[in-house]
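Asks: Just a sequence and a predicted model for now, questions to come.
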Amino acid sequence: MPRIFSIVFALFFAAQAQADLTIEITKGLEGALPIAIVPFAFSEKKGVPAHNVGDIVAADLQRSGRFKPLPVHEMLSRPSRGDQVDFRDWRALNVENLVIGEVSPNGPGGYLVRFRLYDVFRGEQITGFSLPTTASDLRSTAHQIADTIYETLTGQPGAFNTRIAYITSTVDLAKKKQRVHLRVADSDGYSPQTIVSSDDPLMSPAWSPDGRKLAYVSFEKAKPSIWVQEVFTGKREKLTSYKGINGAPAWSPDGRHLALTLSKDGNPDIFVMDIQRRSLRALTRHWSIDTEPAWSPDGKQLVFTSDRGGSPQIYRVPVSGGQPERLSFEGKYNARASYAPDGQSISMVTRVNGQYRIATLELSNGDMSVLSDGQLDESPSFAPNGSMIIYATRVKSKGVLAAVSTDGRVKQRLVLQAGDVREPAWSPYYQ
Amino acid sequence: MFGVLKRNPSAVLLAVALHVVIVLFMVVGVDWQEKPKPVGAKAQVVKAKIVDAKQLQSEIDKLKKAEQQKKASAVAKREAEQKKLSELQKRRKAEKAKLAKLKKERIAREKLEAKKKLEAKKKAVAEKKRQAEIAKRVAAEKKKQDKEKKRLADLEKKRKKEAEAQKAEQKKQREAAEKKRKAAEKKKAEADKKRKAEAALKKKQEADRQKKIAAEKKAAQIKAENDARQREFEMAQQEEQDASEKQRVIGAIIAKVERNWLQPPGTSTAGLSCTVRVRLGGTGSVLLVNVIKSSGNGAFDRSVEAAVRKADPLPMPTSTRLQAAFRDIKFVFTPDS
Amino acid sequence: MNRKSLAWMAIAAAALIFGGCSTTGGKGGEVSNGSQGATVVDSGSGATTSAANQSRNWKGNPLDNPDSLLSSRVVYFDFDKSELLDTSMMMLRAHAEYLSTHQLVNITVEGHCDERGSREYNVGLGERRADAIKRFLEAEGVSSSQINTISYGEERPADFGTGETAWAKNRRGVLVY
């Protein structure tokens, strides 16, 4: 017996000399990826642009919750060109990825932005671009760089070069009056611009699929009506002003239709309007409140809120018509659904133990996950890459915007300005 | 005659009744016709009246006619009576014939009956005779059988006797043979015993000799085995140490690589798998890293490579003999969830 | 219980009853058989405001009479409900009476909600509340052409705070002349 044993062992070892030893690795560390983003250099001494592209990129990546930018003061060197890079400086800090860049003037009012992304431990460049831009577009270019880095390192598209629309209001408590504004800002909160201001309520901003128009509800002249306004020119037109409720406008993915809520026939129902022809078609006819329609990305289905079952729940109906099908079954209050960009899930407001929270519902199996933990969370809106949901919440009686990643791991608070902020709508990618 | 009555009472009764009826008819007679009415009661009373010749003539004609009619009717009546009579006669005849027939039949029947009876009687007699015959035969048969039986019994008795005699004879013979055999066996056994004893003795002597030789051999063998086992033991121990050292080093490698593996953030790594081949120097320094099986996700592959590079230098076994197995390693990165 | 305390209780009860009956003519005060001035004909609009005007005779637009039920314009609702509460009926009847006798007067009924729940759904709920008031008024004889409705959902709170006190104030219907 011992003889045989020893023979087998010898064979084993002999075999090992030729073949590889195979080792299985089954887990690693999860969490924010350390990354070094060196502040971008400016090639001239004068005329330094107001915004540092590197800082914007670092802020974007940090805000996503997926990256942990190295604090600048810990950097051992500050290269801005490839030949200045010594990988040892970065390996020593255990940083896997390095971003460097340079901005230089490029014609009157123009700039050229060059950046490179390196794999520190391999010691190689992964990607790099030169992007011509202008002073007014400098921030947008920085966001594009952040999107490129994000996608290269995570495999998923970024959503930094996007905007958000939102409603803000200031209250004069003495006069008991509110002044309301519809605003659009970059998704990092910079460069806000006012689209509409009013002493009467404004509600439900909705981006057109090309990102150039906003539909919204205005109560000007003491009547709710739906308006469509071009973001860049400010030109606007009134789309509906029927008797009763005109609300909850939602653009179809091809931009040719608007789903909306009208109560002109006696109670709130979902209608679909052909924008060009201004023709209306009723999609629901029920004595209950049917409102808050949202389109599926393939344009074939609408989800909406209805209390036909006794309390608000989410239903789905084919755009071509048919019997609505109930989707939400957990809890007594589910409302304000919107589709994720991949069409596989919806976000909604759900009430849990009297608290209103943001949740997602997986359409394939009905699994619901509650993502937020506030008391009065509302108006969830997906980022166009489907990774984050922005929503409105209240902190110490003040309305603020917050965002949460769809896997629930990353939570952010956005502080945009003084006053109440609510009803965020994340823009689509620009076309 | 009364026998007939007994045997065919209904026929007789019918015949008698018919006779009575006929007689009755003949005696009493039944008038099948209506009695003619007396003409006088309905005769016309001639009234004294002045009558003209025509009327008189017609009257006369009338009367004449009436006379004629009367005659005719009398004739008819007579004819009818005749007819009736002849009919009656006919019927009587028929009756008679019927009666005669019945009688005939009755006689025939009686004849048949008598015949039957006679036959039956004959049969019975014949039967009786037959039975007697049978009985006779049976008796004779019985006698014969008894005789036979007796004969057989005698025969049997004889046979038995003879058989017994034979048996006795055989027994005697057998016993004699038995005795002889036993004696022979005894002799044989004794001879065998003797022989065996001699053989045993010889064997014992041989065995003792062999034992001695074997003992000596064994002693030598044990010594040799002990030596060998000692050697093997040392070798196995060495191998065990090698194996556990190998395990330890593998564990250390896994721990260091896992510590340095930052999975791509925000990506679902479920189902992804990437294999890299790593060439190491003698002290564990990473000389070469190649992705030999991509996961299909560039960011994932990159993170895997970075993990291995960051883990440089990888732990190595202390003995150079074992290091050879660690110079060329395949890492398979397959996250659990 | 002995007779003495029983007697006291009886006296006390009587006092209460009669005390409550004394009409003060206050805003929304109990109207009972003890009131004076039950019928006042208003010269301006020819209306009979039997339910109001106890202690003073009001000359002028009854809508402006601070003592009449008509000066109360807000009806409250329970959470998530659009049913009229019993306490609202009397006031609404006063308005119904006024409107049915002043057929040239139009009102707008506003429906409001507290801030809980999604905003557009609350616009629908506010409309239900406004409609409930409108239907009640119509049942009391008001012509539907006199009543407009509008829902503001949670967009126009009466109280900008958070919590049940503020919320109760915001769940309301408002009659706007």
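Replies: Structure received.
Asks: and C:Arg93, how many neighbours?
Replies: Here the number of neighbours of C:Arg93 (other CB atoms under 10 Å in any protein chain shown) works out to 16. Backbone N, C-alpha and C define where each C-beta goes, glycine included.
Asks: Phi, psi for it please.
Replies: Backbone torsions of C:Arg93, given as degrees, to the nearest 10, read phi -60, psi -40.
Asks: So for it, what's the nearest residue that isn't a sequence neighbour?
Replies: Once flanking residues are discounted, C:Arg93 sits nearest to C:Glu140: 5.9 Å by CB to CB, 6 or more residues apart in numbering or on different chains.
Asks: Now for that neighbour, how many residues are close by?
Replies: C:Glu140: 16 surrounding residues under other CB under 10 Å.
Asks: go on, the one 10 residues further on?
Replies: In terms of burial, C:Ile150 registers 20 neighbours under the definition other CB under 10 Å.
Asks: tell me which residues form a beta bridge with it?
Replies: According to DSSP bridges, the residues that bridge with C:Ile150 are C:Glu110.
Asks: And the residue of chain C found nearest chain B, how far from C:Glu97?
Replies: Among the residues of chain C, C:Ser118 lies closest to chain B, at 28.4 Å counting by CB to the nearest CB. Taking CB to CB, to the nearest Å as the measure, C:Ser118 falls 38 Å from C:Glu97.
Asks: neighbour count winner among those two?
Replies: Between C:Ser118 and C:Glu97, counting by other CB under 10 Å, C:Ser118 is the more crowded of the two (26 against 22).
Asks: any idea of the pLDDT on that one?
Replies: The predicted local confidence for C:Ser118 comes out at a pLDDT of 94.
Asks: Quick check, it in contact with A:Ser338.
Replies: No - counting by CB atoms under 8 Å, C:Ser118 stays clear of A:Ser338, with 11.2 Å between them.
Asks: Now the most centrally placed residue in chain A. Its backbone dihedrals?
Replies: The residue at the geometric middle of chain A, judged as the C-alpha nearest the mean C-alpha position with CA atoms, centre = their mean, is A:Ala383 (2.1 Å). Comment: the main-chain dihedrals of A:Ala383 come out as phi -70, psi 150, following degrees, to the nearest 10.
Asks: Now do the contacts for it.
Replies: A:Ala383 makes contacts with A:Ala159, A:Thr162, A:Ser187, A:Ile389, A:Ile390, A:Ala403, A:Trp426, as judged by CB atoms under 8 Å, 6 or more residues apart in numbering or on different chains.
Asks: Redo those residues as JSON lines? Include pLDDT and distance to B:Leu63.
Replies: JSON lines is the format used below for the contacts of A:Ala383 (pLDDT from 0 to 100; distance: CB to CB, whole Å):
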{"residue": "A:Ala159", "pLDDT": "94", "distance to B:Leu63": "157"}
{"residue": "A:Thr162", "pLDDT": "95", "distance to B:Leu63": "158"}
{"residue": "A:Ser187", "pLDDT": "89", "distance to B:Leu63": "160"}
{"residue": "A:Ile389", "pLDDT": "95", "distance to B:Leu63": "152"}
{"residue": "A:Ile390", "pLDDT": "95", "distance to B:Leu63": "155"}
{"residue": "A:Ala403", "pLDDT": "90", "distance to B:Leu63": "158"}
{"residue": "A:Trp426", "pLDDT": "97", "distance to B:Leu63": "153"}
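Asks: any idea which of those is closest to A:Thr261?
Replies: Using CB to CB, A:Trp426 is the member of these that lies nearest A:Thr261, at 21.3 Å.
Asks: Run a quick neighbour tally on that closest one.
Replies: Residue crowding around A:Trp426 was assessed by other CB under 10 Å; the count is 23.
Asks: If you drop the residues flanking it in sequence, what lies closest to it?
Replies: A:Ser381 (4.6 Å).
Asks: tell me which element the one you found is part of?
Replies: Under DSSP states H and E, the secondary-structure element containing A:Ser381 is strand A:378-382.
Asks: can you give me the helices for the stretch 51-200 of chain B?
Replies: Remark: helices assigned in the stretch 51-200 of chain B by DSSP state H, counting those that start in this stretch are B:53-260.
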